[in-house]
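Engineer: Take a look and give me a structure for this.
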Amino acid sequence: CDKSIPTIKIRRTSDDRLTKEDGTMMGIVVQDQDAAIAAVGSVAWILIDMTKCHEEIETSDTSWRMIPAENIISVARGAGTNVAFTVDQTGDVMGLSRALELGVDALCVAADASNDLWNAVCAAREERGNVDSETKEVVEPSIVTGHCRRKSTNTLLADRVCVDLVRTLSSTEGCWIGSSAQTMALVLSEAAPSALVPSRPFRINAGPVHSYIVLGDGTTTKYLCELEAGDEVLVFDATTGTSRAVGVGRLKIEVRPCVVVELFLLQEGENDKPPSQIILQQAETVRLGESGEHFVRVTDLNPEETQSPVLLRIATSGTHVGKAYSGTVIER
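Structural biologist: Numbers count the residues shown, from 1 in each chain. Predicted structure coming up:
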């Protein structure tokens, strides 16, 4: 391995800044995941010192290197910040170079590192050079009309989550929920009047704990089991097509019978793409939004036929810890 190949010679100052040889500021050095994520977007380069990047881990286990790398890459991609990691173990090189299929932007190696480490880094550099350098852009999600049906007559007992918000919702407003972050349905509020049960205009009966929900920034997702009071979720109005961020006041989790609802972009048979799905409580108050003031109740769905249109939120990108990124993600 030719050690003269690298690249960029940088200096690390005593106050943890990265500078070129002429003193030009390039970025900063951080020692943990939280500091790195906080700096994303504010500097051109972040160097994470992998020998100290474990301080936030309860076990203080220095083997925790790959998860922080993935988390930081997912946040930094497309934010204008390049991510570099120090590496002192041969076995970490390819994992960092291939993390989330995207890899870090640079690996920093001590000049006096072992030949084995240098050889591994040079091999990783050569592999990256042979890969198409064009980065796929993360495309903004689109709202489209799809169709749905109940998958089967079976029911599942699930830990169902009701998301109680701190604002009043109309009967045509709801949240984007789904078993996949790439295909989500609009689950409407319980604001619709009924003679049998009082309305709950602040509530979204969102389904089981595994489901995703879109947060108030319109891009990040969380699992329902991770949602907590004080978070903001995105509320979409099927009539106006507008969105707003609304705070979460409470999560109500109960064991309830649920059904699997398949979501189709087109009528069954018109394309070969398998349907996505959402799991929802088997209750008349659970409704999926269509365009305008129309909706379909979960209890009206059946396996025999594809139902009337429903609104779907379609994203081409998968997520890592709730952040969209351009790597390959298959959820089914």
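Engineer: biggest strand in this protein by residues?
Structural biologist: strand 243-264 (DSSP state E).
Engineer: What is the end-to-end distance of stretch 187-205?
Structural biologist: 8 Å (CA to CA, to the nearest Å).
Engineer: So what touches that stretch?
Structural biologist: Stretch 187-205 is contacted from outside by 160, 162-177, 206-207, 238, 249, 278, 280-281, 283-289, 295, using CB atoms under 8 Å, 6 or more residues apart in numbering. Quick note: C-beta positions are derived from backbone N, CA and C, even for glycine.
Engineer: Now find how far off-centre it is within its chain.
Structural biologist: Here stretch 187-205 is found 28 Å from its chain centre; the criterion is CA atoms, centre = their mean, to the nearest Å.
Engineer: Give me the mean pLDDT for that stretch.
Structural biologist: Averaging pLDDT along stretch 187-205 gives 92.
Engineer: Can you mark which positions in that stretch are buried?
Structural biologist: For stretch 187-205, the neighbour count (16 or more other CB atoms under 10 Å) marks 187-192, 200-205 as buried.
Engineer: What's the mean pLDDT across the helix or strand following the longest strand of the chain?
Structural biologist: For strand 243-264, the following helix or strand on the C-terminal side (DSSP states H and E) is strand 276-281. Averaged over strand 276-281, pLDDT sits at 95.
Engineer: now the angle between strand 243-264 and strand 276-281, please.
Structural biologist: 110 degrees (axes from the mean of the first three to the mean of the last three CA atoms, to 10 degrees).
Engineer: just to revisit the earlier point, from the contacts of stretch 187-205, which ones fall inside strands?
Structural biologist: Assigned to strands by DSSP E, the following of those qualify: 160, 162-165, 173-177, 206-207, 249, 278, 280-281, 287-289, 295.
Engineer: Generate a ChimeraX selection restricted to the buried subset of those residues.
Structural biologist: Entered in ChimeraX, the line below selects the buried ones among the ones in strands among the contacts of stretch 187-205, by 16+ other CB under 10 Å:
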select :160,162,163,164,165,173,174,175,176,177,206,207,278,280,281,287,288,289,295
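Engineer: Distance from the chain centre to the helix or strand hosting Val121, please.
Structural biologist: Using DSSP H and E, Val121 sits within helix 115-130. Helix 115-130 sits 30 Å away from the centroid of its parent chain (CA atoms, centre = their mean).
Engineer: on contacts alone, who are the packing partners of it?
Structural biologist: helix 93-97, strand 106-108 (3 or more CB pairs under 8 Å, 6 or more residues apart in numbering; DSSP states H and E).
Engineer: let's go with 7 Å and repeat that
Structural biologist: Packing partners of helix 115-130 (3 or more CB pairs under 7 Å, 6 or more residues apart in numbering; DSSP states H and E): helix 93-97.
Engineer: Any chance you could list what contacts the helix it packs on?
Structural biologist: Contacting residues not belonging to helix 93-97 are listed as 66, 69, 85, 87, 103-104, 107, 120-121, 124, 127-128 [CB atoms under 7 Å, 6 or more residues apart in numbering].
Engineer: how about the helix holding Val121 as CSV, C-alpha atoms only?
Structural biologist: Written as CSV, here are the backbone C-alpha positions of helix 115-130 (Å, rounded to 0.1, in the frame of the first residue of the first chain):
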residue,chain,number,x,y,z
ASN,A,115,1.1,-2.3,7.7
ASP,A,116,-2.1,-4.5,8.2
LEU,A,117,-4.1,-1.4,9.0
TRP,A,118,-2.7,0.6,6.2
ASN,A,119,-3.3,-2.2,3.7
ALA,A,120,-7.0,-2.5,4.9
VAL,A,121,-7.5,1.3,4.5
CYS,A,122,-5.9,1.3,1.0
ALA,A,123,-8.2,-1.7,0.0
ALA,A,124,-11.2,0.2,1.2
ARG,A,125,-10.1,3.3,-0.7
GLU,A,126,-9.7,1.3,-3.9
GLU,A,127,-13.1,-0.3,-3.4
ARG,A,128,-14.7,3.1,-3.0
GLY,A,129,-13.0,4.3,-6.1
ASN,A,130,-14.4,1.5,-8.2
